[in-house]
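Chemist: Fold the following.
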Amino acid sequence: MTGRKGHLIPIVMAVWIFITSAFLFWMEVDTRREEKLLAQSTANAFFQQVLLTRQWNASHGGVYVPITAETQPNPYLPLKNRDLAADNGLRLTRINPAYMTRQIGELAQKNEGGIQFHITSLKPIRPENKSTEWEEKWLKSFEQGVKEQGEFFEDGDITWFRYMAPLVVGSECLKCHAQQGDKVGDLRGGLSVSLPYPAHNHLYLFVGFGSVAIIGLIFIFIGGTFYERKQRLFDATFNSPVPISVTDNNHTILMANESYWAEFGPLPDNQKTIKCYEHRPGKSCHTESCPLTRILGGASQYAYEAIKEKDGESRYFIVNTKPLLGARGKVVGGVESFQDITKRKRAEEALAKSNRKLEALSNTDGLTGIANRRRFDEVLTREYARHARSGAKLSLVLLDIDYFKSFNDCYGHLRGDECLQQVAQVMAACASRPADLVARYGGEEFVCILPETGCNGAVAIAEKIRRDIIGRAIPHKGSKVADHVTASLGVVTERCAIGGSVLDVVAQVDALLYRAKASGRNRVEFVASHDSGEEIKSNLVRLAWNDSFCCGNELIDSQHQALIRTSNELLEAVFSARPTTEIAAIIARLLDETRQHFRDEESILEKIGFPGTSQHVEEHAKLLARGVELLEAFNASTLTVGDVFQFLAYEVVLRHMLEADREYSPFINKAGAVDSGPDSI
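Modeler: Sure thing, here's the model as predicted:
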């Protein structure tokens, strides 16, 4: 604590010393006054006693006493009637009041340390009664109207109190003093009384007051120290840069420091008080999470995070609330401090953002922007375990760019990097579900994880990837497959087993990729693991013969049925993942059977005179030419088996043979053409 507050304890201690000293001084003065009054009252009592004795003596005109060595006739009295002789010879002398008073004083002087009397006057008749200096001073004061005088004085080790009062001429005194011209009421002199007084020692008073002063100083120091500590704490609190407010149990803000008003805004105009929920409304207001509600409910402390919008910017605070106790220790409110953690929050957000970027960088292939091998391994392990629990199927597609080394040799590594980026873009576009993952497996190899995807869906995605890569038409003069970039793909569909290994799945898809490359490249090789046979049987759509398809010609009907069987054989070969060479052989056989059927059908239609024969011949030629073209494209790996099957099974068998051929059925029935061979018609 600095400034005047720092001198508070010395100032209070100085005031306390002044007060106790002043009181001690007053007590000392008052004690002396009381002692003087007591001594003066005592001396006056002796004076009055002597005065009464004098009055008694004077009222009798003096008293006669035997003449002794100590009591000689008073030479200052008239001789007449001064001395008397008794019958027995005893000689007596008259003692007037003055003589009696003198003898009383002489008798008192014999008692050392006792009461002393002295009769005196400014104009003494008897020289021995001459006044001392102080008596003369007091006698003169009596002439000025002073009634009595008294004071303490020291005589060696003895303290005395001397007292003096005037002796006034009374009527009884005129018998002697009338001849001196005195009148009643005249000041004749005075009688001083000196009393021994106990030593004036007030040590006990000083000790008592000194003890009180010291104890007071101790209490002032201790209390002042605690007060200053509390004041320092108060000042530190309310001069703190941390906003602090004090709220009563009615949610009214009783007081707050400058930092609080600066942070949360001043009171509205013409408003002396405000509720906390009005000044800084928040989500916790009027709920069980309200800090004041928690404190009044018995919590010793409550802390929470709060957000305040200021100038379009979010500010973050940690609010600490503690109880405000009343005089009896009852909770009457709460003290809240608001620690600004905005910078920390910003730092945390920046750190989290950086961590996300680092994590993304650590999981992303720098060249292509898709996931890297590390990310692939993590996701595959997680997805395998999830699919093992759920029983769903997990498919994996592994791709390798055909003759990519030759591409780099021909076009350079920069063009090679661009090629890798385009392939990655194609794969990311084809496997676009949120759960799908496209990753660079290594070099020119890429991989797709397709969660909850069966074999058909995985193969369809793989075929789309292969076709879209061809569609990019990236030149590749070093390829032995085509004059543009192509890719070979392996697809595996796995029903994951608990405790199984992802390495087995990777090994399977890698083997399928190798088979695709060994089979001529630019193709998709696939297999569905475990219950693939049942899957094919349950999901395979077969072409079925119906008697309504019969046209009435046994040869044509038998050929139609044979073509349907061959089409189903092709379909089963496709879904059984049989080698491409076997599938190509079945396609070629299906085309040969179709060609033979067309020749036989044209011969029969000519014999029965079917008017649409020429249109049929033209359609047959178109279909055969298209079939041969598709077969060549399939063998060149520029067309998928699905496209070939779509044409042969749907366009040729279903639409043409089983629908268009119905146009000539009435003519065959009318001609009665039932011969089994074309030469019979």
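
Chemist: Tell me which helix or strand in the chain has the weakest average pLDDT.
Modeler: Ranked by mean pLDDT, DSSP states H and E, the helix or strand of the chain with the weakest confidence is helix 532-539, at a mean of 41.

Chemist: Quick check: which helices or strands does the one helix or strand residue 19 maps to pack against?
Modeler: Assigning secondary structure by DSSP states H and E places residue 19 in helix 8-59. In terms of contacts (3 or more CB pairs under 8 Å, 6 or more residues apart in numbering; DSSP states H and E), helix 8-59 is packed against helix 97-109, strand 149-155, strand 158-168, strand 187-197, helix 203-238. Just so you know, the C-beta spots here come from the backbone N, C-alpha and C atoms, and that holds for glycine as well.

Chemist: So for the longest strand along the chain, what gets flagged as buried?
Modeler: Identified as the longest strand of the chain according to DSSP state E is strand 313-325. By 16 or more other CB atoms under 10 Å, the buried positions in strand 313-325 come out as 315, 316, 317, 319, 320, 321, 322, 323, 324.

Chemist: Give me the contacts around that strand.
Modeler: Here strand 313-325 makes contact (CB atoms under 8 Å, 6 or more residues apart in numbering) with 246-248, 291-292, 294-295, 300-309, 331-342, 344-345.

Chemist: swap the cut-off to 7 Å and go again
Modeler: Contact with strand 313-325 is made by 246, 291, 295, 300-308, 331-342, 345, as judged by CB atoms under 7 Å, 6 or more residues apart in numbering.

Chemist: mind giving me the domain split of the chain?
Modeler: 3-61+96-197, 241-347, 365-539, 547-680 (automatic domain parsing).

Chemist: hey, which of the ones you listed is tucked in deepest?
Modeler: Stretch with highest mean neighbour count among those: domain 365-539 (a mean of 19; mean count of other CB atoms under 10 Å).

Chemist: Could you dump the domains of the chain into CSV with distance to residue 213 added?
Modeler: As requested, those are arranged in CSV below (distance: least, CB to CB, whole Å):
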stretch, distance to residue 213
domain 3-61+96-197, 4
domain 241-347, 31
domain 365-539, 83
domain 547-680, 111
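
Chemist: Looking at these, which is nearest to residue 88?
Modeler: domain 3-61+96-197 (22.2 Å; CB to CB).

Chemist: Find me the pLDDT at residue 252, would you?
Modeler: Looking at residue 252, its pLDDT is 87.

Chemist: Quick check: the residue positioned nearest the centre of the chain vs residue 109, distance?
Modeler: Nearest to the mean C-alpha position of the chain, counting by CA atoms, centre = their mean, stands residue 318 at 2.6 Å. Distance check for residue 318 against residue 109: by CB to CB, to the nearest Å, it reads 96 Å.

Chemist: backbone phi and psi for the nearest residue to residue 280 once chain neighbours are set aside, please?
Modeler: Leaving aside its sequence neighbours, residue 280 sits nearest to residue 264 (CB to CB, 6 or more residues apart in numbering; 5.2 Å). When read as degrees, to the nearest 10, the backbone of residue 264 gives phi -110, psi 0.

Chemist: for residue 264, what are its contacts?
Modeler: Applying CB under 7 Å, 6+ apart to residue 264 gives the contacts 243, 279, 280.

Chemist: got CSV for those, with pLDDT and secondary structure too?
Modeler: As requested, those are exported to CSV (pLDDT from 0 to 100; DSSP: H, G, I helix; E, B strand; the rest coil):
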residue, pLDDT, secondary structure
243, 85, coil
279, 79, helix
280, 78, coil
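
Chemist: Let's verify residue 450: helix, strand, or coil?
Modeler: Put simply, residue 450 is strand when judged by DSSP: H, G, I helix; E, B strand; the rest coil.

Chemist: ignore the last one, residue 278
Modeler: Residue 278 - assigned by three-state DSSP - is helix.

Chemist: contacting residues for residue 612?
Modeler: residue 663.

Chemist: try it again with 8 Å
Modeler: 605, 663, 664.

Chemist: Identify, from those, the entry nearest to residue 138.
Modeler: The nearest one, if we look at the contacts of residue 612 relative to residue 138 and count by CB to CB, is residue 663, at 172.8 Å.

Chemist: excluding its backbone neighbours, what's nearest the closest one?
Modeler: The nearest residue in space to residue 663 (CB to CB, 6+ apart) is residue 612, at 6.1 Å.

Chemist: I'd like the next helix or strand past the longest strand of the chain.
Modeler: strand 331-340.

Chemist: What lies in contact with that next one?
Modeler: 242-249, 254, 260, 263, 276, 291-292, 295-296, 306, 315-326.

Chemist: now stretch 108-118
Modeler: Residues from elsewhere that reach stretch 108-118 (CB under 8 Å, 6+ apart): 46, 50, 101, 104-105, 135, 158, 191-196.

Chemist: These: which two are farthest apart?
Modeler: Most distant of the contacts of stretch 108-118, by CB to CB, are 101 and 158, 23.8 Å apart.

Chemist: hmm, back to that, is it possible to get a markdown table of the contacts of stretch 108-118 that adds pLDDT and distance to residue 589?
Modeler: As requested, those are arranged in a markdown table below (pLDDT from 0 to 100; distance: CB to CB, whole Å):
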| residue | pLDDT | distance to residue 589 |
| --- | --- | --- |
| 46 | 86 | 168 |
| 50 | 86 | 174 |
| 101 | 83 | 179 |
| 104 | 83 | 178 |
| 105 | 79 | 177 |
| 135 | 87 | 172 |
| 158 | 81 | 161 |
| 191 | 88 | 174 |
| 192 | 88 | 170 |
| 193 | 89 | 168 |
| 194 | 87 | 167 |
| 195 | 85 | 163 |
| 196 | 86 | 163 |
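
Chemist: which among the buried residues of strand 313-325 gets closest to residue 380?
Modeler: Among the buried residues of strand 313-325, and counting by CB to CB, the member closest to residue 380 is residue 316, at 39.9 Å.

Chemist: For that closest one, give the beta-bridge partners.
Modeler: Per DSSP bridges, the residues bridged to residue 316 are residue 307.
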